[in-house]
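Engineer: Need a 3D model of the sequence below.
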Amino acid sequence: MSTAEKLDHVSVEDYLEGELSSPIKHEYLGGAVYRRPEERNLHNIIACNLLGFLHSRFRDRPCRVWNSDAKIRIRRPTHVRFYYPDASVICRPNPQTDSIQDEPAVIFEVLSRRTRRIDEGEKKDVYLTIPSLSVYVLVEQETAAIVAFRRTASGFVREVYQGTDAVLPLREIGVELPLAEIYERVEFVPETEDDSAAG
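Structural biologist: Predicted coordinates:
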């Protein structure tokens, strides 16, 4: 390992301690730390719609919805990763004194030009290795459409739901998610090249 690699490597303990006081959130990939990109208001409207709908469904139930401040820990054979999904549903939470979650049942990412490659590639590949995960949901922000990767007996299956009349069944957590709720009061405005370069 070179001197540069040693200097750049951050331990899990140092990463977790630093995140507690950092005003900027970072994701962690086996010792490397990456700043999360800032997003447009449209992204946040969709994420908040999603959180609000799910929160109202789980108020008297054991599962809870978590926002993008909740880190998910993924243990790989050779390293550990931490990601901040836009929303997650956790039915077996870590203790309230922790700053991480280990057992998400459903993970949601709202796609943008800055994050699409990672959300559809690197993150998807790693999220689908989480034993507790039932569904990984990718939410478009330029059109009313979502892609869900659902766990089945033969592996994860890709499903597509389009239009505000569509409903995503999430029987694994006992809810149905109408796309009309996700996209309530959303004005679909295409991202510009500047948007994708800004992250």
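
Engineer: For my notes, confirm Ile118 occurs in a strand.
Structural biologist: No: counting by DSSP: H, G, I helix; E, B strand; the rest coil, Ile118 falls outside a strand, being helix.

Engineer: what's around it, how many residues?
Structural biologist: 16 (other C-beta atoms under 10 Å). Yep, even glycine has a C-beta here, placed from its N, CA and C like the rest.

Engineer: who touches it in this structure?
Structural biologist: Applying C-beta atoms under 8 Å, 6 or more residues apart in numbering to Ile118 gives no contacts.

Engineer: separation between it and Arg36?
Structural biologist: 10 Å (C-beta to C-beta, to the nearest Å).

Engineer: Repeat that for Cys91.
Structural biologist: Cys91 is 25 Å from Arg36, by C-beta to C-beta.

Engineer: Comparing these two, which residue is more hemmed in?
Structural biologist: Cys91 (18 against 15).

Engineer: Go ahead and confirm that one touches Gln101.
Structural biologist: No: in this structure, Cys91 is not within contact of Gln101 by C-beta atoms under 8 Å, at 10.6 Å.

Engineer: Could you count how many residues lie near Val110?
Structural biologist: Val110 is flanked by 26 other residues according to other C-beta under 10 Å.

Engineer: Show the model's pLDDT score for it.
Structural biologist: Here, the pLDDT recorded for Val110 equals 96.

Engineer: so what's it bridging to?
Structural biologist: Val139 (DSSP bridges).

Engineer: Contact partners for Cys63?
Structural biologist: Contacts for Cys63 (C-beta under 8 Å, 6+ apart) come out as Val89, Ile90, Cys91, Ala105, Ile173, Gly174.

Engineer: So which of those residues are in strands?
Structural biologist: Secondary structure from DSSP state E places Val89, Ile90, Ala105 of the contacts of Cys63 in strands.

Engineer: residues near the closest residue to the first one other than its chain neighbours, how many?
Structural biologist: Meaning Val89. In space, and not counting its chain neighbours, Val89 is closest to Val106: 4.2 Å by C-beta to C-beta, 6 or more residues apart in numbering. When neighbours are counted by other C-beta under 10 Å, Val106 registers 27.
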